[in-house]
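S.K.: Predicted model and sequence below, questions to follow.
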Amino acid sequence: MGGDGNTMEGSQAMAVADAGAGGVLRPAEAWWNVGVASFLMLATLPGRTQGLGLVTEPLMRELGIGRMTYASLNLWATLAGSLACIPAGWMLDRAGLRRTSTAVAGMLALAVAGMSMVGGGVAGLFVGILCTRALGQSALSVASIASVGKSFPRMHGWPMGVFSILMSVLFALGFVGVGELVHGAGWRAAWRAVAVGVAGVGALAWLGLREPGGGAGPGGEETSGQTLGEAARTGWFWLFAGSTGLFAMATSGVGLFNEALLVERGYEAGLLPMFLAASTVASLAGHGACGWLMPRHGPGRLMAASWLGYGASLAGLATAREGWHLWVVAAGMGFSAGGVTVLFFSAWGHVFGRRHLGRIQGAAQALTVLGSAVGPLVFAGTRASHGGHGRVLWVLTALAGLVAVVAAMAPEPSAHRGK
């Protein structure tokens, strides 16, 4: 695929060598991996801030835990859990996608089931959040992204765009389904159902993932690439990873305390599942637009536009009061977040190559998890000291504008050509 508008031409050329058989992973198999990867990402829901946000309020009420205590538990559990990104990337490069993804999904299912049985006190809750963060938000997220990145030797926007669209649809259904279970049967029953679903995704990974390998792909393109150390010495690595860490900080703060944010602005708490679903569906357009535009305009310009839109949506959330404001914010936040997400998923293989892609994406994911850990504490602290979340939303709006300016001024990165 190139700038000539033939969207599928490049996709048909993006098969890779199979390590076990020495053959070639067919285009249909590479695209099949995209579908499996989207379910792997859905399985990270109990370890993601938005997923935990669905059970935050009833969990705190039942266990008698204060907001700042919960935010602190989440902070330290997320910080510790981020360390799982590095060994997960190493395992993906060494043991392969299939074995690593299945093992991580199985352990995550056990962790979610265990968290559903947590009793009083903070120790058990901390262990539950730590395990779901480490295995879901960290390790399984890296496995999901790498399942797409390793399946296509030339990472244009369409594979990650399609992956993001599938992922968004699944998450929209997941938010509504889990949200209804929480309100109808309680958070413990909902978490038990989620554990069963995660185990099913692990079985799908074992049966469905096709293992890409090293060597040369069609046309003799080498699947070599920069090491993690070489990538970390480039400015684009830190712009991609740092800005996505900021994005994670914003989305985690909004996601974990989204019910309180809506109520603070005069909306009913029952609107939360629909707000999450609406923003997720709106991100479909952002995913598709970014995937289509990336070969034509490059990641720098798209990053600037996406961050400009995300900053505007944060400002909209800070000022939302009328009923229609909420849905405009949901649409704008979803669309711009879709662009940021596709860029984060697709940039690494395109710029740094595939040979060490698991390690590079693992390191980048660790930075995003750090941002995710800090976000809820910042939001909770702002509310405690200022009586609301408005100030932090405006600060994040300014930082989003700064990222947009830096991305617009930076020279476009060159695609990696192998060594």
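M.R.: Noted; the coordinates are in hand. Residues are numbered from 1 along each chain as shown.

S.K.: C-alpha from now on. contacts and neighbour counts both.
M.R.: Noted.

S.K.: Please name the nearest non-neighbouring residue to residue 323.
M.R.: Computed as CA to CA, 6 or more residues apart in numbering, the closest residue to residue 323 that is not its neighbour in sequence is residue 267, at 7.8 Å.

S.K.: Number of residues surrounding residue 385?
M.R.: 9 (other CA atoms under 10 Å).

S.K.: what helix or strand does it sit in?
M.R.: Here residue 385 sits within helix 357-386, counting by DSSP states H and E.

S.K.: Give the buried residues for that helix.
M.R.: Applying a neighbour-count criterion of 16 or more other CA atoms under 10 Å, one finds 357-383 buried in helix 357-386.

S.K.: that older thread, so the residue nearest to residue 323 is in which element?
M.R.: Using DSSP H and E, residue 267 sits within no helix or strand.

S.K.: And for it, the neighbour number?
M.R.: If we define neighbours as other CA under 10 Å, then residue 267 has 18 of them.

S.K.: Against residue 389, how distant is it?
M.R.: 15 Å (CA to CA, to the nearest Å).

S.K.: picking up where we left off before, against which helices or strands is the helix holding residue 385 packed?
M.R.: helix 67-82, helix 85-95, helix 141-149, helix 228-232, helix 235-256, helix 323-352, helix 390-409 (3 or more CA pairs under 8 Å, 6 or more residues apart in numbering; DSSP states H and E).

S.K.: how near is the residue nearest to residue 59 when sequence neighbours are not counted to residue 407?
M.R.: Nearest residue to residue 59, sequence neighbours excluded (CA to CA, 6+ apart): residue 187, at 7.0 Å. Note on residue 187: its distance to residue 407, by CA to CA, is 41 Å.

S.K.: secondary structure class for the nearest residue to residue 394 once chain neighbours are set aside?
M.R.: Spatial nearest neighbour of residue 394, excluding adjacent residues (CA to CA, 6+ apart): residue 315 at 6.3 Å. What DSSP: H, G, I helix; E, B strand; the rest coil gives for residue 315 is helix.

S.K.: ok and the host helix or strand of residue 182 relative to helix 141-149, angle-wise?
M.R.: Counting by DSSP H and E, the element that carries residue 182 is helix 157-185. Following axes from the mean of the first three to the mean of the last three CA atoms, to 10 degrees, one obtains 140 degrees for the angle between helix 157-185 and helix 141-149.

S.K.: Tell me which residues of the next helix or strand along the chain from helix 157-185 come out buried.
M.R.: Toward the C-terminal end, the helix or strand that comes next after helix 157-185 (DSSP H and E) is helix 187-208. Judged by neighbour count (16+ other CA under 10 Å), helix 187-208 contains these buried residues: 187-195, 197-206, 208.

S.K.: Centre of the chain to helix 187-208, how far?
M.R.: Here the centre of helix 187-208 is set off from its chain's centre by 18 Å, with CA atoms, centre = their mean, to the nearest Å.
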